[in-house]
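Colleague: Show me the folded form of this:
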Amino acid sequence: MTQTVLLDCTFRDGGYYNAWDFSPELINSYLVAMKAAQVDIVELGFRFIANSGFKGPCAYTTDDFIRSLTIPEGLTVAVMLNGGDLLTDLGFEASLQRLFPETAETSPVDLVRFACHFHEFEQVLPAVGWLTERGYRVGFNLMQIADRSREDVLHLARKAKEWPVEVLYFADSMGSMTPDDAARIIGWLREEWDGPIGIHTHDNMGLALANTLRAHKEGATWLDATVTGMGRGPGNARTEELVIEAEDFRQRKASFVPLMALIRKHFGPMKEKYGWGTNPYYYLSGKYGLHPTYIQEMLGDARYDEEDILAVIDYLRVKGGKKFSRLALGSARNFYEGTPTGAWAPATVLEGRDVLLLGTGPGVDRHREAIEAMIKRIKPVVLALNTQSGIAPDLIDLRVACHPVRLLADCDTHLELPQPLVVPASMMPEALKSALSARRCCKTLSPKDSHRESMRLDGTHEQAITRPLP
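Modeller: All right, here's what the predicted structure looks like:
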């Protein structure tokens with residue numbers, strides 16, 4: 001029976017949170033813990049060829065840096081390359097020579113893994129020959145495999161057989177796979193590939209460990225994990241859980257004390273600081289096949305509240321978000337587009353009037369009596385945001401809403417409220433118009449109900465107010 005290999009890639013995948021800036025002291029403590037926990041291979045970082053902004057030592061993981069560490073005997077050292085880094089103007093062989101100036105005989109690195117998108121895979125495969133000639137072991141990770149067809153997977157498995165690839169991995173890059181999906185992919189790979197199969201899982205939907213264990217049951221023998229799941233977006237299968245499970249199927253006794261101490265002292269506090277781990281937003285990104293970096297970026301940006309994040313997810317679900325793009329993220333936050341058109345002119349309607357804008361916070365309820373007395377005395381035009389209902393409804397003249405997620409959430413409530421609703425109708429995304437129309441949130445009423453006329457959803461005009469303002 002083929003031996004199961006446990007590979008921990010904490011400093012490679014976890015570096016997306018701290019720019020790969022891990023201290024040598026932490027890494028040395030980690031190495032002791034990995035050896036005690038019966039982990040076989042440690043992937044200490046990337047070997048990026050380009051430098052854009054500050055990145056710590058585990059972004060480059062040079063031979064000299066690895067030599068400065070204390071590697072326990074018997075622990076294999078690996079690094080990872082992004083396949084696309086070889087497909088630049090520098091040239092294929094020149095890039096490899098810069099990244100691996102030494103042969104495996106003198107380098108502390110034993111294993112090199114490539115992370116490749118499907119369109120890069122065949123172009124990068126010749127690097128296997130270059131590296132194996134220099135004594136390195138080579139593995140390949142197929143990324144974003146969940147939405148690929150059987151024919152795609154078989155084709156690349158056949159191509160991999162033409163080169164001395166030691167292990168062929170597949171990565172659940174979007175965290176969208178289920179255990180049955182993992183089993184299906186392994187079945188496809190086995191039709192053409194007879195070497196070891198590995199799996200790298202993401203925990204968007206809380207299935208990272210379940211997918212890993214199912215893959216092992218189906219024949220995957222190389223299993224990835226990270227300490228506390230530290231990794232891009234929601235993170236990965238957790239090493240501390242996988243090594244517990246592996247004790248049973250590998251019949252190898254592990255010592256967990258150094259690993260638990262490492263988590264208490266270092267990774268627990270880091271998790272509190274950076275906030276990796278699954279949550280409902282990552283769950284949605286996995287469900288809809290969106291790149292987890294979109295969620296990670298929004299959660300780390302105070303400009304995005306809950307409604308913004310949900311709206312961006314909904315936008316990317318329609319527009320597509322398998323590849324992270326800051327431009328796409330910016331566009332997704334700009335919910336409205338085009339030139340506004342409409343019949344209602346607030347500058348005219350509100351000219352010369354005092355206007356009271358009621359927000360949605362708890363202060364309206366707290367100061368209800370004073371606010372109502374002021375409205376009756378001054379008689380301003382009262383605009384309530386969204387479904388604010390902290391004061392008597394007959395004192396509110398108009399309701400104003402613009403956030404697409406809030407509009408969808410408050411649809412049914414708006415139907416019951418007596419005030420006209422002001423929204424940027426002509427600039428709404430078509431998907432939002434359709435959703436609102438389907439829920440009958442906004443409609444055109446008959447003339448006898450014109451005091452409650454709502455906006456038409458044909459984009460030709462904004463809310464028209466036919467009721468005289470006080």
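Colleague: Now do Cys402 against Ala254, distance only.
Modeller: Distance, Cys402 to Ala254, using Cβ to Cβ, to the nearest Å: 55 Å. All C-beta spots, glycine's among them, are computed from the backbone N, C-alpha and C.
Colleague: How about residues contacting stretch 119-132?
Modeller: 81, 83-84, 86-87, 92-93, 96, 100, 112, 114, 116, 138, 140, 142, 156, 159-160, 162-165 (Cβ atoms under 8 Å, 6 or more residues apart in numbering).
Colleague: now the residues you listed: which count as buried?
Modeller: Buried by 16 or more other Cβ atoms under 10 Å: 81, 83, 86, 96, 100, 112, 114, 116, 138, 140, 142, 156, 160, 165, out of the contacts of stretch 119-132.
Colleague: Quick check: the farthest pair among those?
Modeller: Spatially, the most separated pair among these is Phe100 and Leu156, at 23.9 Å (Cβ to Cβ).
Colleague: Next, give phi and psi for the residue nearest the centre of the chain.
Modeller: Nearest to the geometric centre of the chain sits Pro292, at 1.1 Å (Cα atoms, centre = their mean). Per-residue torsions, Pro292: phi -60, psi -20 (degrees, to the nearest 10).
Colleague: Check the gap between the residue nearest to it when sequence neighbours are not counted and Leu415 for me.
Modeller: With Cβ to Cβ, 6 or more residues apart in numbering as the criterion, Pro292 has its nearest non-adjacent residue at 2.5 Å, and that residue is Gly233. Gly233 is 38 Å from Leu415, where distance means Cβ to Cβ.
Colleague: Likewise for Asp40?
Modeller: The gap separating Asp40 from Leu415 is 61 Å, by Cβ to Cβ.
Colleague: between the two, which one's more packed in?
Modeller: Asp40 (20 against 14; other Cβ atoms under 10 Å).
Colleague: for that one, what are its contacts?
Modeller: Contacts of Asp40 (Cβ under 8 Å, 6+ apart): Val5, Leu6, Leu7, Leu75, Thr76.
Colleague: Helix or strand: which one has Phe324?
Modeller: Here Phe324 sits in a region with no helix or strand, counting by DSSP states H and E.
Colleague: ok, it touching Thr293?
Modeller: Yes - Phe324 is within contact range of Thr293, at 4.1 Å (criterion: Cβ atoms under 8 Å).
Colleague: and Gln91, how many neighbours?
Modeller: To be clear, residue 91 is Gly; Gln isn't right here. 12.
Colleague: go on, Cys402?
Modeller: Cys402 is flanked by 15 other residues according to other Cβ under 10 Å.
Colleague: Repeat that for Asp412.
Modeller: Neighbour tally, Asp412, other Cβ under 10 Å: 11.
Colleague: For my notes, confirm it occurs in a strand.
Modeller: No - counting by DSSP: H, G, I helix; E, B strand; the rest coil, Asp412 is located in no strand; its state is helix.
Colleague: That one and Ala215, how far apart?
Modeller: 44 Å.
Colleague: and what of Pro393?
Modeller: Distance from Pro393 to Ala215, by Cβ to Cβ: 58 Å.
Colleague: rewinding a little: wait, the residue nearest to the centre of the chain touches Asn204, no?
Modeller: Yes - judged on Cβ under 8 Å, Pro292 makes contact with Asn204 at a distance of 6.3 Å.
Colleague: Which parts of this protein are strands?
Modeller: For the chain, strands defined by DSSP state E occupy the ranges 5-8, 41-46, 76-82, 111-116, 137-142, 167-171, 197-200, 222-225, 355-358, 381-385, 398-400, 421-422.
Colleague: Of all those strands, which one is nearest Glu372?
Modeller: So among the strands of the chain, strand 381-385 is nearest, using Cβ to Cβ, at 10.1 Å.
Colleague: Now do that closest one, average pLDDT.
Modeller: Averaged over strand 381-385, pLDDT sits at 92.
Colleague: Please compute how far that strand lies from its chain's middle.
Modeller: 38 Å (Cα atoms, centre = their mean, to the nearest Å).
Colleague: Export only the CA atoms of it, formatted as CSV.
Modeller: What follows is strand 381-385, C-alpha atoms only, in CSV (Å, rounded to 0.1, in the frame of the first residue of the first chain):
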residue,chain,number,x,y,z
VAL,A,381,-40.0,67.8,4.8
VAL,A,382,-39.2,64.5,6.6
LEU,A,383,-37.2,61.9,4.7
ALA,A,384,-36.7,58.5,6.4
LEU,A,385,-33.9,56.3,5.3
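Colleague: circling back to that earlier point, okay, and the common contacts of Pro292 and Asn204?
Modeller: With Cβ under 8 Å, 6+ apart as the test, Pro292 and Asn204 both reach Met174, Gly175, Gly233, Pro234, Tyr282, Ser285, Gly286.
Colleague: re the thing from before, with neighbour numbers in mind, choose between Pro393 and Ala215.
Modeller: Legend: neighbour count by other Cβ under 10 Å for Pro393 and Ala215, higher for Ala215 (27 against 10).
Colleague: Hmm, that one is touching Arg184, no?
Modeller: No - using Cβ under 8 Å, Ala215 is not in contact with Arg184, being 10.6 Å away.
Colleague: Just give the number of residues close to Ser29.
Modeller: The burial count for Ser29: 18, using other Cβ under 10 Å.
Colleague: Surely it is in contact with Leu262?
Modeller: Yes - using Cβ under 8 Å, Ser29 is in contact with Leu262, at 5.7 Å.
Colleague: what do these two both touch?
Modeller: Common neighbours of Ser29 and Leu262 (Cβ under 8 Å, 6+ apart) do not exist.
Colleague: which regions of this structure lie under the pLDDT threshold?
Modeller: The chain contains residues with pLDDT under 70 at 1, 333-335, 404-405, 408-409, 429-470.
Colleague: Check the spacing between the residue located most distally from the centre of it and Tyr16 real quick.
Modeller: Within the chain, the residue lying farthest from the chain centre (Cα atoms, centre = their mean) is Arg377, at 52.0 Å. Remark: distance between Arg377 and Tyr16 (Cβ to Cβ) = 57 Å.
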